[in-house]
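*Asks:* Got a predicted model here, sequence first, then my questions.
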Amino acid sequence: MDVRVYNGEGKPGVTAAAIGIDVGTSGARAALVDAGGALLGFGSARLAAEDRRNPEAWWRAVESALAALKASADLSGVRCIAVDGTSGTILLLNNDGQPRRRSWVHRPTNRCDKKPG
């Protein structure tokens, strides 16, 4: 299915699209897809092993993945954004919404009685 819409300037031909952002332990990925699910563009950024629990590094990776996506595709048709991340991740925030420490990522080998590092 090919959905065509008008952009903000009233010009026909801009394809309606969505950005999907995935943040995982290896990095961030951003994909642009049309309404039928066809891939229109892709960008990614890797995380260094020492940054896998660092929320500031996650954000930098998302910014880099989005910049790479923008370089590979026209984003003028974007109508929505979806974000997912590594399951079972706990991130403590302060009253200003800023991370208090590195995240705690659940793995079957982690015990509930262990304090996040």
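*Replies:* In hand now; what should we look at?
*Asks:* my hunch is that residue 59 is in a helix, does that hold up?
*Replies:* Yes - the assignment for residue 59 is a helix, going by DSSP: H, G, I helix; E, B strand; the rest coil.
*Asks:* how about the nearest residue to the residue most central in space within the chain, chain neighbours excluded?
*Replies:* Nearest to the mean C-alpha position of the chain, counting by CA atoms, centre = their mean, stands residue 21 at 2.8 Å. Spatial nearest neighbour of residue 21, excluding adjacent residues (CB to CB, 6 or more residues apart in numbering): residue 83 at 4.6 Å. Every C-beta, even on glycine, is put in place using the N, C-alpha and C of the backbone.
*Asks:* What of residue 73?
*Replies:* residue 41 (2.5 Å).
*Asks:* can you pull the contacts of that neighbour?
*Replies:* Residue 41 makes contact with 31, 32, 69, 72, 73, 74 under the criterion CB atoms under 8 Å, 6 or more residues apart in numbering.
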